[in-house]
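Asker: what follows is a predicted structure for the sequence shown.
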Number of protein chains: 4
Amino acid sequence: MKDIPTMWFSEHVTPHFIQQFSISDVLYNGESEFQSIQILDTPGFGKCLILDGKIQCSESDEFIYHEALVHPPMLAHPQPETVFIAGGGEGATLREVLAHKTVKKAVMVDLDKKVVDVCKEFLPSLSQGAFDDSRVELLHTDAMKYLEETKEKFDVVIIDLTEPLEEGPSYLLYTREFYHDLREKLTSDGVVALQAGSTSMVISFGFVAVANTLSTAFPVVAPYQAEIPSFGGSWGFAVASQGSDPRELSPEEVDRRLSSRVSKPLRFYDGLTHCGMYTVPKYLREEMAREKRIITKDQPLFTY
Amino acid sequence: MKDIPTMWFSEHVTPHFIQQFSISDVLYNGESEFQSIQILDTPGFGKCLILDGKIQCSESDEFIYHEALVHPPMLAHPQPETVFIAGGGEGATLREVLAHKTVKKAVMVDLDKKVVDVCKEFLPSLSQGAFDDSRVELLHTDAMKYLEETKEKFDVVIIDLTEPLEEGPSYLLYTREFYHDLREKLTSDGVVALQAGSTSMVISFGFVAVANTLSTAFPVVAPYQAEIPSFGGSWGFAVASQGSDPRELSPEEVDRRLSSRVSKPLRFYDGLTHCGMYTVPKYLREEMAREKRIITKDQPLFTY
Amino acid sequence: MKDIPTMWFSEHVTPHFIQQFSISDVLYNGESEFQSIQILDTPGFGKCLILDGKIQCSESDEFIYHEALVHPPMLAHPQPETVFIAGGGEGATLREVLAHKTVKKAVMVDLDKKVVDVCKEFLPSLSQGAFDDSRVELLHTDAMKYLEETKEKFDVVIIDLTEPLEEGPSYLLYTREFYHDLREKLTSDGVVALQAGSTSMVISFGFVAVANTLSTAFPVVAPYQAEIPSFGGSWGFAVASQGSDPRELSPEEVDRRLSSRVSKPLRFYDGLTHCGMYTVPKYLREEMAREKRIITKDQPLFTY
Amino acid sequence: MKDIPTMWFSEHVTPHFIQQFSISDVLYNGESEFQSIQILDTPGFGKCLILDGKIQCSESDEFIYHEALVHPPMLAHPQPETVFIAGGGEGATLREVLAHKTVKKAVMVDLDKKVVDVCKEFLPSLSQGAFDDSRVELLHTDAMKYLEETKEKFDVVIIDLTEPLEEGPSYLLYTREFYHDLREKLTSDGVVALQAGSTSMVISFGFVAVANTLSTAFPVVAPYQAEIPSFGGSWGFAVASQGSDPRELSPEEVDRRLSSRVSKPLRFYDGLTHCGMYTVPKYLREEMAREKRIITKDQPLFTY
């Protein structure tokens, strides 16, 4: 079988589902204080960042994930000037935020300095120089603690964290308590966005529970999804606010705001894509309507 | 590692991408004259039908695939009375067709009698008795040849075949020549629908080329997609006709037609899902706009 | 890739080594009170018994394992009449024991009745009717406890247990304390034999420690190995006694005793094979000479 | 599953058997004119050389393979001064040959210069400087052609080639025709040794046929085996000659010759190991006795 690739990245997506990508090179393989870190080159998806064995992004489709996470909350705000990013170590969320000409200040807090350093060296196509932008303040500390202590308020907050693994650093940022604190850190028109895991039927419980928990703190919660091939299917996101609702934007208004505010062409997101993302299938709408679970510090959510 | 499952179904989706489901039982493992056939029970997706090593459907999400394939063309027709199905051996496409009260006759032609027999015995939840409906005519012959020879015309034709593998039985039904012949077998308001492979970026060339080839025979070609988790991502479909266009149906009109014509509740498809399916992301629209390839008998399309 | 098998048994032999066999059928998949049990049919090795995810025997090479485990201790004894077997649920160790015409009584104690029952039904080629032999007494209880309480002594004791997994039922039978108790249950010329895990370099520490621990209770300890392909390499065994030493038997004497005592032809074991098994390579002899570890109840051995 | 390794080398040993090692780094991944070449670092076996997807040697157990291949033919010769090596690109066979103080000249012919260069750079622990020894003549050409054309004769010839893959470069060197030609290139006491693939039952047909074919050209053929864990089981070798027979050497004579002729300590091979290697199990002796197949140019042997 000379034609079967010999080297593979293997990810246990669920206990009963594995996906494997062939790899051509290991660019980095190490550990930080918080997690294992790998940067792999793959024929199918380009270079990939892997944290604790789970793929975080691939060169081939990271544009879908990052455009989907960043532009809906940015456009839902009338004029976003200050942005807070929790996580986002590879720098691509920051890159998309900085493409908005309205932005005057972007504070990014990622616990793990090593992830940022490794990505700068081995995955520079992700940040594309974003870390050198003079509007950026980059800190390596606990994002939750930073928000508790800061006096600042932000127009947009983007939560771009790893999945809430049982021993991982991020599960407390998926709780009611955090969302209630977060509310106080937003300016009056402030908007929050977060990624919330897979919406593939087999493992969408996390997404649905996160959306439900968000609604205990915010009157507007707009869940949406986008397909990320390297993640093995559709991925869930949500925008939340005290009033601004991205679902009220028509395709034309999305395209108009993009063209006046964003300084670069996008590949995934535009007015029509916006509509498609906010139109989730019937079974997922029904699942969200049924959901009662509230995620709390005492009853946290853990994904596999 | 007592907690890692010991038995796995492994599918090479592309040369560089494998997906694996854990399996709990092998209900059937054999070969027909045309292909290898397996029916496996899996903890993640329920019972699955596998042909030539490729998953065809799973109990957990077959409703997405079959509702997405059948209802758009059926609703795009003003009153579908006669329906032709090419392939569809497991009987679920037929099941969805028969749910339309307007249907008086459904001719299903699947080359491989053994697939039908094995599915009836081991996957009865797929056909749910559809083969016993008095409106059904079931034949085991070559669908292309049948269409060539028949004098009948149909209101709706649904092409529900396996992927065009190099040595497989179905690649000729993905060519310009076949689509031109097919046009003659439709009544004046006739509508065709087909599945056309993955629309995940890495392997969407097939879908895009099929849609482009269809447009050499039909003035209306409406491509769309739906996520099928067990297929590893989004799947492409297209409706084609001489005039009827499902994209002109409003969500409300879709819901109205469903409620007056369909005799059972659906889980995936409704007016909103219809809109979401027809709103594909920007990069896929651009890829379709760029596509020039026409699939012909002499230059056929083969998938991996 | 039509020619790559679609269904696989996957075993994590070590954390860094997996072996996978293609499977054609799942004959049994269930759980007993003590462990998970699978009987799989495989094109490469025939039917296989899997306990807690680890292969126990395959039809294609079980004759190597069972002949290697049983005949050396039986031949080292001048006239074995009473035999005790701990474990051996599939019945093949018993089958080999009963082939010795000197045997008047064989007591087999396997904790897990379900393993015995499932093997009788789905793997009858292993026991070949051994359980029906009138010389057999079969009990389902804790072998260690049985030996503690019985007044009987045995000419040969064969320990044919699963690996000492951390949560498994058998780790206490790999300790100094057990070997000391065991000594009291042997008749004056009594011989013990056991399997002791892989002797492949990467994971031979268990075998070496077991042999070393045995030597705290028995003046004669004769370790040996045989290659079992379905186990992924060479497997270690040891015979221990107060004086009888199989290494003193010449090839001719082994062949002579076999022909006078054993009622059936063997496929793996004869005088020459006996010599080969007891001639382990230099690095393994050196590893055994260096070994100081004694396995005790308080510091048990666990394999992966 | 944070504790399951994420990167794996996967080898299809047979169509129905895969072995996978976890990998920590890819040191080299490229192609030569003749084959694909990878050098991988692995937690289980150290650095490994992979050619065309098949493992050729690992740091952890290459000493077994190379000592087994080289020392039996060298000791079987009364005073080996000239040695020819076909293949052996990584330099470890050469290293073992040069440890014999009798050697005055070693000609090594490996078709693929790139393998030699890559191994020198990334696997220097294999050759340990052997290529710099002044007794060595290294050529990159076809070994069979070289032997045809050379006027020289050799005391020992060692065939250390990759498996005879269908499209690979080496299958002609496993034929009767080649062995007959080879006979003419030996001095009067000359000895040939070769590796001949797995002797694990499931795939030993190659080994048995090679040994049988050798015997058409040489009156003495002494097959033997050694377990190479990273190869997944026991591996077959054979020594052939016009009269010298390694099986006639007693363990004491082997040890005596080693200590007088070899300038470094060995880890695998000594007098006892020699005996063990030449004592193959009964089923393999019987298989060899039954074998009738002669491998020829017209009916060559191909392994998977």
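Answerer: Alright, I've got the coordinates.
Asker: can you name the residues that contact A:W235?
Answerer: A:65, A:68, A:195, A:197-199, A:225-228 (CB atoms under 8 Å, 6 or more residues apart in numbering or on different chains). In short, each C-beta sits where N, CA and C put it, glycine included.
Asker: any chance of JSON lines for those, columns neighbour count, pLDDT and distance to B:D142?
Answerer: Formatted as JSON lines, the contacts of A:W235 follow (neighbours: other CB atoms under 10 Å in any protein chain shown; pLDDT from 0 to 100; distance: CB to CB, whole Å):
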{"residue": "A:Y65", "neighbour count": "24", "pLDDT": "97", "distance to B:D142": "44"}
{"residue": "A:A68", "neighbour count": "25", "pLDDT": "98", "distance to B:D142": "44"}
{"residue": "A:Q195", "neighbour count": "24", "pLDDT": "92", "distance to B:D142": "48"}
{"residue": "A:G197", "neighbour count": "23", "pLDDT": "85", "distance to B:D142": "45"}
{"residue": "A:S198", "neighbour count": "24", "pLDDT": "85", "distance to B:D142": "41"}
{"residue": "A:T199", "neighbour count": "26", "pLDDT": "85", "distance to B:D142": "40"}
{"residue": "A:Q225", "neighbour count": "27", "pLDDT": "95", "distance to B:D142": "40"}
{"residue": "A:A226", "neighbour count": "23", "pLDDT": "95", "distance to B:D142": "40"}
{"residue": "A:E227", "neighbour count": "26", "pLDDT": "93", "distance to B:D142": "35"}
{"residue": "A:I228", "neighbour count": "23", "pLDDT": "93", "distance to B:D142": "39"}
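Asker: filter the residues you listed down to the ones near chain B?
Answerer: Checking the contacts of A:W235 against chain B by CB under 8 Å from any CB of the partner chain, the ones in range are A:226-227.
Asker: of all the strand elements in chain A, which one is longest?
Answerer: Secondary structure of chain A per DSSP state E: the longest strand is strand A:186-198.
Asker: not counting its neighbours along the chain, what's nearest A:A240?
Answerer: A:F218 (3.8 Å; CB to CB, 6 or more residues apart in numbering or on different chains).
Asker: and the helices in the stretch 51-200 of chain A?
Answerer: Here the stretch 51-200 of chain A has its helices, by DSSP state H, counting those that start in this stretch, at A:62-76, A:92-98, A:113-122, A:124-127, A:143-149, A:176-183.
Asker: and of those, who's closest to C:D142?
Answerer: For C:D142, the closest of the helices of the stretch 51-200 of chain A is helix A:176-183, at 49.5 Å, according to CB to CB.
Asker: could you list the low-pLDDT ranges of the stretch 1-150 of chain A?
Answerer: A:1-2 (pLDDT under 70).
Asker: which parts of it sit against chain D?
Answerer: A:1-2, A:4-12, A:15, A:23-26, A:29, A:36, A:38, A:40, A:50, A:52-53.
Asker: ok, and which of the residues you listed reach chain B?
Answerer: Among these, chain B is touched by A:4-5, A:8, A:15 when using CB under 8 Å from any CB.
Asker: of the residues you listed, buried ones?
Answerer: A:4-5, A:8 (16 or more other CB atoms under 10 Å in any protein chain shown).
Asker: chain C: which of the residues you listed is nearest?
Answerer: A:I4 (7.5 Å; CB to the nearest CB).
Asker: where does the stretch 151-300 of chain A dip in pLDDT?
Answerer: A:165-169, A:201-205.
Asker: cutoff 50 now
Answerer: Scanning the stretch 151-300 of chain A for pLDDT under 50 picks out nothing.
Asker: just the strands in it please.
Answerer: Per DSSP state E, counting those that start in this stretch, the stretch 151-300 of chain A carries strands over the ranges A:154-160, A:186-198, A:220-228, A:233-241.
Asker: mind listing the strands the last one pairs with, and their directions?
Answerer: Paired neighbours of strand A:233-241 in the sheet (DSSP bridges): strand A:186-198 (antiparallel), strand A:220-228 (antiparallel).
Asker: show me what contacts A:V210?
Answerer: Counting by CB under 8 Å, 6+ apart, A:V210 has contacts A:174, A:194, A:196-197, A:236, A:238, A:295, A:301.
Asker: sweet, I'm off.
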